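*Asks:* Sequence and predicted structure, then a few things I'm wondering about:
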Amino acid sequence: MFVIFCGFVLVILIENEQDRVFENPSISNNISKINNSVSSEKNIPDNWVSVKPSSSMRFKEFLIKNSKGEFSLIVFKNIGGSADQNISRWINQFSGPENPLLPFQKNEIEQNGKNFIFLQHSGFFNGGMGQSEAFSDAGLIAFIVDDKSDIYYFKAVSSVEILIESKEEIISTILSSSI
């Protein structure tokens, strides 16, 4: 019941965020179509810098800067394992108490012919592939996007303070399929 309630709340928040984005003429003029290919980079925010992926397993990598700091958003394409296996692996990279600003949340929505799975989590980051250093008060914001021909995995791990400032921007950018 709690999961259903959380899903309902996320859908409302996402719809409100999209309404706000599309009501702003300066933003809507920059968005050509909602259903752009996930692999296009037409509408990435100015504070997202595309960098050369630090691993051949990575499809794309962005350095995102905000007033609290910077972090990487890593994009994988058609990686091994199912969506559930990757989600379990990501969740298990965290232990200890969650930060109440970024509690565990998993929601699935279908929009514009694509399936989106949103995931957030926080706690002590135990380290992981490509991010081997453990640290406390860590957060995860992730998406899995299945556009029927490819599956894209978006993953950002950083301090909760830094991630939380960019959370809405990440959600609206990925849902608008502008990467």
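*Replies:* Now that the structure is in, tell me what you want to look at.

*Asks:* Could I get the buried residue list for stretch 132-145?
*Replies:* By neighbour count with 16 or more other C-beta atoms under 10 Å, stretch 132-145 contains the buried residues 137-145. Backbone N, C-alpha and C define where each C-beta goes, glycine included.

*Asks:* swap in stretch 80-91?
*Replies:* Buried positions in stretch 80-91, judged by neighbour count with 16+ other C-beta under 10 Å: 83, 86-87, 90-91.

*Asks:* now, among those residues, which is nearest to residue 45?
*Replies:* For residue 45, the closest of these turns out to be residue 90, at 23.4 Å, with distances computed as C-beta to C-beta.

*Asks:* what secondary structure does the closest one sit in?
*Replies:* For residue 90, the reduced secondary structure class is helix; criterion used: DSSP: H, G, I helix; E, B strand; the rest coil.

*Asks:* Tell me which residue is most central in this protein.
*Replies:* Nearest to the geometric centre of the chain sits residue 142, at 3.6 Å (C-alpha atoms, centre = their mean).

*Asks:* Quickly list what that one is bridged to.
*Replies:* Here residue 142 sits in beta bridges with residue 119, residue 155, going by DSSP bridges.

*Asks:* quick one: contacts for it?
*Replies:* By C-beta atoms under 8 Å, 6 or more residues apart in numbering, the residues touching residue 142 are 87, 90, 118-120, 153-156.
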